[in-house]
Each structure stands twice: as C-alpha cells, then as structure tokens.
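**Q** dropping the sequence and predicted coords here.
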Amino acid sequence: MPSITRRRSPNSGQPASSEVEILAATRRLLINGANFTEIGVQQISTEAGVARSTFYSHFRDKIDLLMRLAATMFDTSFHITSAWQPEDGVERLTDAFLQVLRAYRAQAPVLRAILEVASYDTNVRDFWNQGLTPFTDRTIAGLRDEQQAGRTPGDLDPVTATRVIVVGGERAILDQITVGDPADDPSFAREIALIWWYGAYRRPSD
C-alpha cells in the first residue's frame, strides 16, 4: 500500500494549518467544477493562500494530495459505520448507510476525481482498494462474534461473506453516488442494509 507523507506541526498532533488549507482548497476547486488532471499545483496553492513551496512541504505531488483526500473520505465513512453494532439492528444500519451516502454526496466531485485517476494510476487504485481493509477486518470479526453468540448461522463463511458485502457494497455505493438519483438514497440505503442484515448477519439457517 503506498505510503502517505503526513507532516505535522511540531506543536500539536493536528495537521498543520497550511496542510488543511491546501486540502480544503482542492475540494473547493473540484466542487466548483475544476478537473483534477488540469489543476496545477500553483492554482491549488493560490486558492489555499500559500506558497508553492509550502505545498511541497506537505505533499510529494498531486497524487499524494489526492490519496490524502481519499484517506479522509475513508476515515469519515469508517467513523460512521464503525459506530454501528449488530445489536443496533437493521434500522440503525440503514441510517448508517444513509449517512455515508450523504457524506459522499457532499464530496462527490472529489470522489469522481479519485475514481478517474484510479482508472489509470496504479498507486491511487491500490490505495483506494486497500482503504477497504479496515471495513473488511471489522466485518469479519463482527460476523465471527455473532456466530459465537449463536445469532449468525455457523455455516456462514465470514471471510467470503464479508468480501461479497463489503466489496460489493462499496461498488454499489460508488455507482449510486456517481450515477444514481439522490432522491433514491433512502431506499438505496435500506436495500443495502437489508442485504447485509439478512444475507449475512441474520441469514436463515438451513
């Protein structure tokens, strides 16, 4: 998995303010209709109100910047979904998926830029795919815990089931964000939650 250079200010564990401004400036440019491949480092630096040299003190290049944006999106999504526990039930799971959809909708131009560059840059593609690892690990562990508690059938293969619902769910969410109607997001969130719930967590025993 490609590394991301994270240079912090010496006085805190938070990102340096200029780093935050550069990330925010890039989001603004994308949301306002700019094409990522056509945005120059100078344009990003000007939008952020920092010197070009400051950009390179925080990011190796534009690809490094894009992967940092992708990491932020994954962090947001994982924070939302990891708050859900099986005992919360399918309705709470539906709400979690709807929150993820809303968060991704707010960053849709950023998401499109990530997917566009991932189509031809192996570093970005590998980074995005590796971003699913925390979701996968957590889901496998959760299904195994539910099996041990007797709430999920013992004949379910947690690893294979997780691959289907996590990878398949991620692809479906991306499709909904990029080409789906936002008005359909609530029904989409419910359907994907029901698939997770009855397809894995509460699959009927044979």
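**A** Alright, I've got the coordinates.
**Q** and the longest helix anywhere in the chain, what does it pack onto?
**A** Assignment by DSSP state H gives helix 62-82 as the longest helix of the chain. In terms of contacts (3 or more C-beta pairs under 8 Å, 6 or more residues apart in numbering; DSSP states H and E), helix 62-82 is packed against helix 17-31, helix 41-48, helix 89-106, helix 108-118, helix 122-130, helix 133-148. The C-beta positions use only the backbone N, C-alpha and C, and glycine is treated the same way.
**Q** surely F127 is in contact with M67?
**A** Yes. Assessed by C-beta atoms under 8 Å, F127 is found in contact with M67 at 4.9 Å.
**Q** may I have stretch 104-115 exported as CSV, CA atoms only?
**A** Extracted in CSV, the C-alpha atoms of stretch 104-115 (Å, rounded to 0.1, in the frame of the first residue of the first chain):
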residue,chain,number,x,y,z
TYR,A,104,-20.0,11.0,-0.1
ARG,A,105,-22.6,13.2,-1.9
ALA,A,106,-21.1,16.3,-0.2
GLN,A,107,-17.7,15.2,-1.7
ALA,A,108,-19.0,13.8,-5.0
PRO,A,109,-16.6,15.9,-7.2
VAL,A,110,-13.7,14.7,-5.0
LEU,A,111,-14.9,11.1,-5.3
ARG,A,112,-15.1,11.4,-9.1
ALA,A,113,-11.6,12.7,-9.3
ILE,A,114,-10.3,9.8,-7.2
LEU,A,115,-12.1,7.3,-9.3
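**Q** how about it: buried residues?
**A** Using 16 or more other C-beta atoms under 10 Å as the test for burial, stretch 104-115 gives 104, 107, 109-115.
**Q** now the residues you listed in CSV, with pLDDT and distance to A34?
**A** Formatted as CSV, the buried residues of stretch 104-115 follow (pLDDT from 0 to 100; distance: C-beta to C-beta, whole Å):
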residue, pLDDT, distance to A34
Y104, 95, 19
Q107, 91, 14
P109, 92, 8
V110, 92, 11
L111, 93, 14
R112, 92, 11
A113, 93, 9
I114, 93, 14
L115, 92, 16
